[in-house]
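A.B. asks: Give me a 3D structure for the following:
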Amino acid sequence: MGYDVTIERTTECPTAVVKANTTWREFPTLWRTLLDDVWAFLGSTPGLRTEGHNVMLYRNGLPEVEVAVEVGVQVTQSFEAAGRVVPSTLPAGEAAVTVHVGRPSEIGAAHEAVRAWCSARRRALTGVSWEIYGDPDPQTGHFDVAVYWQLAWPDTGRQTFRNPAFADMVHGACENPARKAAQPRRPSKRFGTRRPSQPPKLLTLTSQASHFLRVRPTR
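C.D. replies: Predicted structure coming up:
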């Protein structure tokens, strides 16, 4: 499928996350426990999340770290850390962005399209990327995913981040969301601007393992 890539000036967005340095082999069985911890914390902290979506932020190219990831949810403000749930942010600045509307298992193509677009225009990347998961359609369970890659300023002298294996390593796969009794809603096209009827299904997987998993439902 084709991707429309644009440059967007993002604003800083607070998140509640669990951070992990892991491997692509371990990550598919790890991310769910990380997200469960975040949702358990949010369930005991009323008002911290109102319209936030599930997010994953990656710091690519760090020395001696195969996968540096933050798994969590957009929130309304910063907060005191509780156990391994800590405050973080989605970064402000310029980012190249596209929206993946196809099958989650093909989300790696969206990352590859953004990086290719930037390379063709000689736009350097910082190595920070993130995904924001939209609201699932109540009838089909389909959801869109916004894919961001942070741009370095042109005069920083930094090299464009290149990792040929990245598109092969990063995939998404999920089953249809569990049904909940709720008024039908159309999926949000503005990620993070409306409370979803339930948190979107979320998964980023490696090429070595694709699984169909379920995240914690909204309480």
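A.B. asks: quick check: mean pLDDT across the helix or strand containing residue 7?
C.D. replies: Here residue 7, judged by DSSP states H and E, is contained in strand 6-10. Averaging pLDDT along strand 6-10 yields 97.
A.B. asks: try stretch 93-113
C.D. replies: For stretch 93-113, mean pLDDT is 93.
A.B. asks: Only the buried residues of it, if you could.
C.D. replies: Residues 94-100, 104, 107-113 are the ones in stretch 93-113 that count as buried (16 or more other Cβ atoms under 10 Å). In this view, the C-beta of every residue, glycine as well, is placed from N, C-alpha and C.
A.B. asks: Of these, which is the nearest to residue 145?
C.D. replies: Nearest to residue 145 among the buried residues of stretch 93-113, counting by Cβ to Cβ, is residue 100 at 4.5 Å.
A.B. asks: so that closest one bridges to which residues?
C.D. replies: When assigned by DSSP bridges, residue 100 has beta-bridge partners residue 145.
A.B. asks: residues contacting it?
C.D. replies: Contacts here follow Cβ atoms under 8 Å, 6 or more residues apart in numbering; on that basis residue 100 touches 3, 106, 107, 109, 110, 144, 145, 146, 147.
A.B. asks: Skip ahead from the longest helix anywhere in the chain and say which helix or strand is next.
C.D. replies: Ranked by number of residues, the top helix in the chain under DSSP state H is helix 27-43. Helices and strands here follow DSSP H and E; after helix 27-43, the next one along the chain is strand 54-59.
A.B. asks: and that following strand, what does it pack onto?
C.D. replies: strand 13-22, strand 67-74, strand 86-90, strand 125-133 (3 or more Cβ pairs under 8 Å, 6 or more residues apart in numbering; DSSP states H and E).
A.B. asks: Direction included, what does it pair against?
C.D. replies: Strand 54-59 pairs in its sheet with strand 67-74 (antiparallel), strand 125-133 (antiparallel), by DSSP bridges.
A.B. asks: Many thanks, have a good one.
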